[in-house]
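Participant: Could you look at this predicted model? Sequence included:
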Amino acid sequence: MKALTEEGYHPVRDAEVRVVYEEEEILCCFYYSEEEPDFLLVQATFERGAFDEVDDPSLHRACAQLSHEQKVSKAYIDEEGDVVVAVETFLFAGMSLAPLALHMSCALGVALASFYDILEELLGRKPAEVD
């Protein structure tokens, strides 16, 4: 929480194991539990309706391609049909959580951008260019 606040985010702990923050209007969540102190996950979830114009096979292909190309991130369709993009890691004794959490947040941003680029390519559209 402290590391995210220092970086200008406004994190909120909304559950015992979930810290929620917003990155460029995308709701992101860190999941950490003292019951699993060696595991940390950050993810963004998009309701299926956010991709109304995309058929299911294209979404599944985009998820599979991202999971294959990005080594620490993965994308999948959850049981409700929503798209989830996540970065996860194992923690080791003595590892500083704050810089790792910030690095994971950046990695999630890269994964999200890659997911959208992959999806655009699969749909035969040119990925959006960044200035």
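Facilitator: Right, received. Where do you want to start? From a predicted model like this one, the values you see are computed outputs, not experimental measurements.
Participant: Low-confidence ranges, the protein, go.
Facilitator: 1, 4, 9, 11, 13-16, 127-131 (pLDDT under 70).
Participant: Mind jotting down where the helices sit in it?
Facilitator: Along the chain, the segments classed as helices by DSSP state H run 2-6, 56-69, 97-122.
Participant: For these, give me CSV that also has distance to residue 81 and mean neighbour count.
Facilitator: Bear in mind the C-beta positions are built from the backbone N, C-alpha and C, glycine included. Shown next, in CSV, are these (distance: least, Cβ to Cβ, whole Å; neighbours: other Cβ atoms under 10 Å):
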stretch, distance to residue 81, mean neighbour count
helix 2-6, 29, 14
helix 56-69, 8, 16
helix 97-122, 16, 17
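Participant: Quick one, which of those helices gets closest to residue 42.
Facilitator: The closest of those to residue 42 is helix 97-122. By Cβ to Cβ, the value is 4.8 Å.
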